[in-house]
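Engineer: Here is a sequence together with a model predicted from it:
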Amino acid sequence: MTHADLVFHGGRAFLSDAARSTARAVAVTGGRISAVGHDLSALIGPRTEVIDLAGRLLVPGFQDAHVHPVWGGLDMLRCDLAPLATRDEYLARIAEYAGAHPDDDWILGGGWQMSAFPGGTPTAADLDTVVQNRPAFLPNRDGHGAWVNSRALELAGITRETPDPADGRIERDAAGNPSGTLHEGAMGLVNRLLPPEPLSRLQEALLKGQQYLHSYGVTAWQDAIVGTEYGDAGDPLPAYVAAGSSGALTGRVLGALWWDRSRGLEQIDDIVARRAASTAGRFSARSVKIMQDGVAENFTAAMLEPYCDGHGHPREDSGISFVEPELLKEAASRLDALGFALHFHAIGDRAVRECLDAVEAALGRNGPRGNRHHISHIQVVHPDDIPRFRALDVTANMQMLWATLEPQMVDLTIPFLGDTRSAWQYPFGDLLRSGAALAAGSDWSVSTPNPLAAIHVAVNRRSAPTEWEGDYDPFLPEQAIDLGTALAAYTAGSARVNHLDETGTIAVGMLADLALLDRDPFEHPAEEIGLTEVLGTWVEGERVYEA
């Protein structure tokens, strides 16, 4: 009898199969699951590592289907505002960072919350009080806006005469002067001036981000933007190729190549070439990221009807479709024919519909090709479009953590969506009941990459204790999903859109990518799910994290 290299026993393993089965013991041999059962003691030999689950839960390694770990790592290396929450805290941290880095030509970092500022828009005047002589560029937590100081506006030549770009907006004061917040494509006016990050710095950021993800039990992910979004300052692709080639990449990664919305169909040849040159170790790039709209809080999410003014009256604007819908259909059809998975960003109900229409056009031209297209965020979905996800085999890529009431939702989102559309937000329950395939991701560094905090929200529709921002009622509790479904979405569901078919479930022959939790959340009250922590993470049977 061949003894196993590693045996887990004494608790439960959640297998993440369709039946939501569990087992009492799991064995690993040669990096793969070699046995699943209730008593595997016969596979324990003198060299077998035995881990007593002690009543805790073993799960397949979590897979993040929409994340930015290189940029998250860079934020951690720069002026990181994500742990803070108020204007004064942000200014103090920026001042401290600027003082500690006197030789930096730019003050870079980010992670501020919109809810910390009136209207969600900080000012250059505030930033000038702590950084005057050097330009500062600080994207907010969701990456759809940036806080800049007067020096940055000056260097970029942004004045009251500067027109808004087609895909963004310059926030202005009552006199029409730029006030210090740049939305969406307007960030590119400054971003293009940033000094390029050397490859060594990007590699450092990737490895820092990778270890952070492993600490939350994440063994694989889809990097949702591999390319140059607004400039050449930080393309993650070279870092992934280098880390994959050297073996430093312990996570399994699918890169989503960036669709440049300032270009047209002529970029497809470049995307094909980047895919061909980008396979290295555990990294490949066979997905294309198309950002179809912005976010609701700055009125750039594409809506079917105009926004409200906060008092129940319609505004004139209904958001921006970043890619013209007919061009989107043609691009989707061509990319689908070339074997790419389409990874859409869609927040507003119009953007969701335009992405579904694009997939429908691709299927009509090419027939089903099994490319596993998915739409991320799905914040506002018109009820008529819910059944189209299953009909078109489009996976709903959920950012579960956001489906809760918190200051930004209460103050900056619901008032501008209005009552009807607010009730269409994050319809996870409706999507599940319609038969849609579900996957999950964090969008870190927009929000925490902790899958258990996100799963807590999916089940409770309230913030996890670790992310608590106020005492609110559950948000649209009829859209909650059960714990087993949420776990499956964050494992098997994400493995499917990541094209990692040998991962995502615990079954004989599958790669041994695993995470050990500090408890069995099925045996605890639902309101305690978010307190669960990860004790250990394994990739192919090798431990990559230990608490």
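Structural biologist: It's in.
Engineer: Spatially nearest residue to F389 (excluding sequence neighbours)?
Structural biologist: A436 (3.8 Å; C-beta to C-beta, 6 or more residues apart in numbering). Every C-beta, even on glycine, is put in place using the N, C-alpha and C of the backbone.
Engineer: Which secondary structure state does that neighbour sit in?
Structural biologist: coil (DSSP: H, G, I helix; E, B strand; the rest coil).
Engineer: How about stretch 494-504, which residues are buried there?
Structural biologist: Neighbour counts over stretch 494-504 (16 or more other C-beta atoms under 10 Å) mark 494-500, 503-504 as buried.
Engineer: which of the residues you listed lies closest to R388?
Structural biologist: Taking C-beta to C-beta as the measure, R388 sits nearest to V497 out of the buried residues of stretch 494-504, at 17.2 Å.
Engineer: tell me the pLDDT at the closest one?
Structural biologist: According to the prediction, V497 has pLDDT 98.
Engineer: doesn't F344 make contact with it?
Structural biologist: No. Using C-beta atoms under 8 Å, V497 and F344 do not qualify as a contacting pair, with a distance of 11.5 Å.
Engineer: Give the residues shared as contacts by the two.
Structural biologist: Both V497 and F344 are contacted by H374, under the criterion C-beta atoms under 8 Å, 6 or more residues apart in numbering.
Engineer: Could I get the contacting residues of the residue nearest to F389?
Structural biologist: 386, 389-390, 394-396.
Engineer: and if we set it to 6 Å?
Structural biologist: Taking C-beta atoms under 6 Å, 6 or more residues apart in numbering as the contact definition, A436 lies against 389-390, 396.
Engineer: Likewise for V36?
Structural biologist: Per C-beta under 6 Å, 6+ apart, neighbours of V36: 23, 26.
Engineer: Which of the helices or strands spans it?
Structural biologist: strand 32-37 (DSSP states H and E).
Engineer: hang on, the earlier thing: can you pick out the most distant pair from the buried residues of stretch 494-504?
Structural biologist: V497 and T503 (12.1 Å).
Engineer: Is A23 part of a helix or strand, or is it coil?
Structural biologist: Classified using three-state DSSP, A23 is strand.
Engineer: just checking, it touches R12?
Structural biologist: No. The pair A23 / R12 is not scored as a contact, 7.2 Å apart, by C-beta atoms under 6 Å.
Engineer: Give me the distance between the nearest residue in space to T219 that is not next to it in sequence and L535.
Structural biologist: Counting by C-beta to C-beta, 6+ apart, T219 lies nearest to G61, which is 2.9 Å off, once chain neighbours are set aside. Distance of G61 to L535, given as C-beta to C-beta, to the nearest Å: 13 Å.
Engineer: before we move on, the earlier item: would you put the C-alpha positions of the helix or strand just after the strand holding V36 in PDB?
Structural biologist: Sequence order places strand 49-52 as the next helix or strand after strand 32-37, per DSSP H and E. Taking C-alpha atoms only, strand 49-52 is exported to PDB below (Å, rounded to 0.1, in the frame of the first residue of the first chain):
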ATOM      1  CA  GLU A  49       2.200  14.500   7.700                       C
ATOM      2  CA  VAL A  50      -1.000  14.200   9.700                       C
ATOM      3  CA  ILE A  51      -3.100  17.200  10.400                       C
ATOM      4  CA  ASP A  52      -5.800  16.800  13.000                       C
END
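Engineer: Parallel or antiparallel, which strands does the next helix or strand after strand 49-52 pair with?
Structural biologist: Moving toward the C-terminus from strand 49-52, the next helix or strand (DSSP H and E) is strand 57-60. Applying DSSP bridges to the sheet, strand 57-60 is found paired with strand 6-14 (parallel), strand 514-517 (antiparallel).
Engineer: neighbouring contacts of the very next helix or strand once past the last one?
Structural biologist: So that's strand 514-517. Per DSSP H and E, the first helix or strand lying C-terminal to strand 514-517 is strand 534-539. Residues outside strand 534-539 that contact it (C-beta under 6 Å, 6+ apart): 214, 216-217, 219, 250, 513-516, 518, 544-547.
Engineer: if you set the cut-off to 7 Å instead, what comes out?
Structural biologist: 61, 214-217, 219, 250-251, 512-518, 543-547 (C-beta atoms under 7 Å, 6 or more residues apart in numbering).
Engineer: neighbouring strands for it, and are they parallel or not?
Structural biologist: Here, using DSSP bridges, strand 534-539 pairs with strand 514-517 (antiparallel), strand 542-546 (antiparallel).
Engineer: Buried residues, it. List them.
Structural biologist: Buried residues in strand 534-539 (16+ other C-beta under 10 Å): 534-539.
Engineer: One more: stretch 190-200?
Structural biologist: 190-191, 193-194, 197.
Engineer: What strand or helix carries S278?
Structural biologist: S278 belongs to no helix or strand, assigned by DSSP H and E.
Engineer: if I look at it, how far off is V272?
Structural biologist: 11 Å.
Engineer: doesn't A439 make contact with N397?
Structural biologist: Yes. Here N397 reaches A439: they are 4.8 Å apart, a contact under C-beta atoms under 7 Å.
Engineer: Overlap in contacts, the two.
Structural biologist: In contact with both N397 and A439: 65, 374, 497, using C-beta under 7 Å, 6+ apart.
Engineer: In the protein, where is pLDDT below threshold?
Structural biologist: Along the chain, segments meeting pLDDT under 70 span 1, 229-233.
Engineer: tally of neighbours for G339?
Structural biologist: Residues lying near G339 (other C-beta atoms under 10 Å) number 12.
Engineer: Please disregard the earlier target; I meant L91.
Structural biologist: 18.
Engineer: How about A492?
Structural biologist: Going by other C-beta under 10 Å, the residues that sit close to A492 add up to 22.
Engineer: can you redo the contacts of A436 as CSV with distance to G470?
Structural biologist: What follows is these, written out as CSV (distance: C-beta to C-beta, whole Å):
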residue, distance to G470
F389, 32
R390, 35
A396, 27
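Engineer: The stretch 101-250 of the chain: helices as residue ranges?
Structural biologist: Here the stretch 101-250 of the chain has its helices, by DSSP state H, counting those that start in this stretch, at 124-128, 150-156, 188-191, 199-214, 237-246.
Engineer: From S41, how far out is the residue nearest to D52 when sequence neighbours are not counted?
Structural biologist: With sequence-adjacent residues excluded and distances taken as C-beta to C-beta, 6+ apart, D52 is closest to G10, at 4.4 Å. Using C-beta to C-beta, G10 is found at 11 Å from S41.
Engineer: neighbour count winner among those two?
Structural biologist: Higher neighbour count among G10 and S41: G10, with 14 against 9, using other C-beta under 10 Å.
Engineer: Now for the more buried one: which residues touch it?
Structural biologist: 52-54.
Engineer: ok, those vs A243, which is closest?
Structural biologist: L53 (31.7 Å).
Engineer: Make sure the closest one is actually in contact with T22.
Structural biologist: No. Assessed by C-beta under 7 Å, L53 is found out of contact with T22, at 11.4 Å.
Engineer: centroid residue for the protein?
Structural biologist: Centroid check for the chain by C-alpha atoms, centre = their mean gives D443 as the closest residue, at 1.8 Å.
Engineer: For that residue, which three-state class applies?
Structural biologist: coil.
Engineer: and the gap between it and W402?
Structural biologist: 8 Å.
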